[in-house]
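Trainee: missing the sequence, but the structure's below:
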């Protein structure tokens, strides 16, 4: 009888049982067997989610410890994958007790990007600040201790030439044993590398969310130069500004830059419109308030030069010395001296009071005479100051207004360009957001208004589309056709919250087929009916049979007419298996892009271009005897199985895709 692996292991290491406790369940088998496990991480529950990644609490089988496993939500976008791994590698470079450490990164067996890090238990700083609202007199020393650890982490990161760019209480975690950890380094960058990426902000996001785009960071904590690039490049001064915002909120439980909406918050940030923390919480120490307000200065040169300088001022406050952020005077220095030496201070105080009383008595009559003269002069000075303040306020208003108009005019065309690119790729949610933002940032942008009206038509919101068209003057004949189409179906379907039935939809698509005008670049022009039918696939209103009927209709009308279509289909776990094989009249499959397809058979068809499937859900594809460029297949991010004949693309290799040759 052959020995089991356990028996062989015991023969190699005699008296193994002496090294292991008999009741230690972790050592009931040789550890070497477990270390050879193919699956390192167990399935875990989701504990967090962001715009790019989700976090699972799982267990590392090789080290027997719990880890937080981050995975990418959208793996089809290579830029998302690059940014995901960039965050992992950059964070892994930071080895500091107050920075969340990264343990591992790479691809899973299923080719899913991931990285693991220390799981953060307990609350974040945002939760801690909420508890301060009910206890305004709570010891400020505890808050200072937390803030000092955050500063230590950022001083270390800056020493490594790495800046965070998104510091806020939500990204700082507090452990139950006094740990303070800075995390979420997704926007961080190294100072010697120039970043040219341009993302798009969402104006509906409030102060506790992050904006990626024309503005990069979190409103309320972003430095002015992160909003207006004309004020300078993003560097370590941005983190110093954010540290000032965090200290401000620790002191008075409110963010420094308030406003009725996001645009108001950004404008107040640029203008430096902030209440002093002591106006909100009278118990705030003057030294801490001075540190916060100096860090929040609008101009870089008025802030601290480094985080180390903030740390030095914090230590001065803790030691009872005057900080560099305060206006030094003999009287203030004397007050700090009294606080450090209370017994001596009492004696000195009595001496000073006696001297003051004597001086007051001697000069009382002289002061009374000069008081009236000073009052008259002060009134004159006050009048001059009020005039100067009024003139300065008017200039600041005009400057802020000009800066806002400049930002809007630059941002609106960029947002519209990205929105129309999303529309070309049938990414309707992103297209809606970016087109709406383009209109919001610049209402006078005619192209943005036309794009919004066309998008409303695509989503069957005919009444709203007509309202936008009514506001547009000088409509040319192409735009007039779309306007007339919107009015026709607004009279048929007066409620924008419902959808057309299938028969009416086909009539609508027939009318759309005659219109070739959309406000997108000529190189990406797509017929209006393709956008409409692909949007309809995503709506629960339409049944499985409805969607197939619409797909068959759209395929017939976007390929050569007169052909006999045999669109064979069946459902498989809420997805479609579609057979279009042996059909010589297929030249485009864009009409199927957003249909939830699992398996698509195009064998022996005339298809040459599969651009319409880019970003689709197709996981099994049969293109035997089709003249399709193998390079295009790399854009099918969900593809798992590919069927080719024995002579097709002999050198083709696709990562994570099984290629079957028949």
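Mentor: Received it, and whenever you're ready, just let me know what you need. Bear in mind that the values here come from a model prediction, so they are computed numbers and not experimental data. Residues are numbered from 1 along each chain as shown.

Trainee: distance of the residue nearest to residue 427 when sequence neighbours are not counted relative to residue 356?
Mentor: Nearest non-adjacent residue to residue 427, counting by C-beta to C-beta, 6 or more residues apart in numbering: residue 615, 7.5 Å away. Yep, even glycine has a C-beta here, placed from its N, CA and C like the rest. Computed with C-beta to C-beta, to the nearest Å, the distance linking residue 615 and residue 356 is 80 Å.

Trainee: point out where the stretch 151-300 of the chain drops to low pLDDT.
Mentor: Counting by pLDDT under 70, the stretch 151-300 of the chain contains low-confidence ranges at 193-216.

Trainee: mind listing the helices for it?
Mentor: For the stretch 151-300 of the chain, the helices defined by DSSP state H, counting those that start in this stretch occupy 224-227, 236-252, 262-271, 277-280, 286-295.

Trainee: one more: the stretch 501-650 of the chain?
Mentor: Assigned by DSSP H, counting those that start in this stretch, the stretch 501-650 of the chain shows helices spanning 502-513, 528-537, 544-557.

Trainee: between helix 544-557 and the first one, find me the angle.
Mentor: So that's helix 502-513. On the basis of axes from the mean of the first three to the mean of the last three C-alpha atoms, to 10 degrees, helix 502-513 is oriented at 20 degrees to helix 544-557.

Trainee: ranking the helices of the stretch 151-300 of the chain by burial, who's on top?
Mentor: helix 236-252 (a mean of 26; mean count of other C-beta atoms under 10 Å).

Trainee: quick revisit: so how many other residues sit close to the residue nearest to residue 427?
Mentor: When neighbours are counted by other C-beta atoms under 10 Å, residue 615 registers 18.

Trainee: that one reaches residue 424, doesn't it?
Mentor: No: with contact defined as C-beta atoms under 8 Å, residue 615 does not reach residue 424; the gap is 10.8 Å.

Trainee: what sits against the residue nearest to residue 427?
Mentor: If you count contacts by C-beta atoms under 8 Å, 6 or more residues apart in numbering, residue 615 has them with 76, 425-427, 593, 635, 637.

Trainee: and it, its phi and psi?
Mentor: Note on residue 615: its backbone torsions stand at phi 80, psi 0 [degrees, to the nearest 10].

Trainee: going forward, count from 392.
Mentor: Let's use 392 as the start, then, which means that last one is residue 1006.

Trainee: tell me the spacing between residue 539 and residue 698.
Mentor: From residue 539 over to residue 698 the distance is 11 Å, taken as C-beta to C-beta.

Trainee: looking at those two, which is more packed in?
Mentor: Between residue 539 and residue 698, residue 698 has the larger neighbour count (other C-beta under 10 Å), namely 23 against 17.

Trainee: that one and residue 550 touch, don't they?
Mentor: No: under the criterion of C-beta under 8 Å, residue 698 is not in contact with residue 550, lying 9.2 Å apart.

Trainee: so which other helices or strands are in contact with the longest helix along the chain?
Mentor: Ranked by residue count under DSSP state H, the longest helix found in the chain is helix 733-815. Judged by 3 or more C-beta pairs under 8 Å, 6 or more residues apart in numbering; DSSP states H and E, helix 733-815 is in contact with helix 653-662, helix 721-731, helix 819-832, helix 837-849.

Trainee: and the first one, how far from the chain's centre?
Mentor: For helix 653-662, the distance from its own C-alpha centre to the chain's C-alpha centre is 19 Å (C-alpha atoms, centre = their mean, to the nearest Å).

Trainee: got it, and the longest one?
Mentor: In terms of C-alpha atoms, centre = their mean, the centre of helix 819-832 is set 16 Å apart from its chain centre.

Trainee: and it, what does it pack against?
Mentor: Counting by 3+ C-beta pairs under 8 Å, 6+ apart, helix 819-832 packs on helix 733-815, helix 837-849.

Trainee: at 10 Å what do you get?
Mentor: Packing contacts for helix 819-832, counted by 3 or more C-beta pairs under 10 Å, 6 or more residues apart in numbering; DSSP states H and E, involve helix 733-815, helix 837-849, helix 919-928.

Trainee: so for residue 430, which of those sits nearest?
Mentor: helix 919-928 (35.8 Å; C-beta to C-beta).

Trainee: the inter-axis angle of that closest one versus helix 733-815?
Mentor: With the same axes, to 10 degrees applied, the angle from helix 919-928 to helix 733-815 works out at 120 degrees.

Trainee: quick one: distance of helix 919-928 to the chain centre.
Mentor: Centroid separation for helix 919-928 versus its chain: 29 Å, with C-alpha atoms, centre = their mean.

Trainee: so which elements touch it?
Mentor: Judged by 3+ C-beta pairs under 10 Å, 6+ apart, helix 919-928 is in contact with helix 733-815, helix 819-832, helix 837-849, helix 893-904, helix 935-948.

Trainee: and that helix, what's its mean pLDDT?
Mentor: Average pLDDT, helix 919-928: 90.

Trainee: quickly list the domain ranges of this protein.
Mentor: Following automatic domain parsing, one finds the domains of the chain at 436-508, 514-731, 754-932, 934-1053.

Trainee: so what's residue 714 closest to, chain neighbours aside?
Mentor: In space, residue 714 comes closest to residue 704 once its chain neighbours are excluded; the distance is 4.1 Å by C-beta to C-beta, 6+ apart.
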